[in-house]
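Engineer: Pasted the sequence and its predicted model underneath.
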Amino acid sequence: MASVLGRLEERERAARKRVEELQAELEAAQSEWDVWLIARRRVGEVWDDRGETAG
């Protein structure tokens, strides 16, 4: 039977692994979000430019 300390260490390792996975997922999502923001800004600039030349 595993000791209480051993079980706690095992749970801590599992929790740390999960945190690392979530941090990697968050980083990927943040990068994707940044790409979307850049695209949105560019579209806004194009629309603004078209509005100025059309009027």
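Structural biologist: That came in fine, so what should we check first?
Engineer: tell me the secondary structure for residue 2?
Structural biologist: Counting by DSSP: H, G, I helix; E, B strand; the rest coil, the backbone at residue 2 sits in coil.
Engineer: Return the residues in contact with it.
Structural biologist: In this structure, residue 2 makes contact with residue 10, judged by CB atoms under 8 Å, 6 or more residues apart in numbering. Every C-beta, even on glycine, is put in place using the N, C-alpha and C of the backbone.
Engineer: which intervals of this structure have sub-threshold pLDDT?
Structural biologist: Within the chain, the segments meeting pLDDT under 70 span 1, 53-55.
Engineer: Would you map the helices across it?
Structural biologist: With DSSP state H, the ranges of helices along the chain come out as 4-54.
Engineer: out of everything not next to it in sequence, what's closest to residue 10?
Structural biologist: Closest residue to residue 10 apart from its sequence neighbours, by CB to CB, 6 or more residues apart in numbering: residue 2 at 7.5 Å.
Engineer: roughly how far apart are that neighbour and residue 9?
Structural biologist: 9 Å (CB to CB, to the nearest Å).
Engineer: cool, and residue 17?
Structural biologist: Plainly put, residue 17 is 13 Å away from residue 9 if you go by CB to CB.
Engineer: cool, residue 39 as well?
Structural biologist: 46 Å.
Engineer: and what of residue 22?
Structural biologist: For residue 22 relative to residue 9 (CB to CB), the value is 20 Å.
Engineer: With residue 19 instead?
Structural biologist: 15 Å.
Engineer: now do residue 40
Structural biologist: Counting by CB to CB, the gap from residue 40 to residue 9 is 46 Å.
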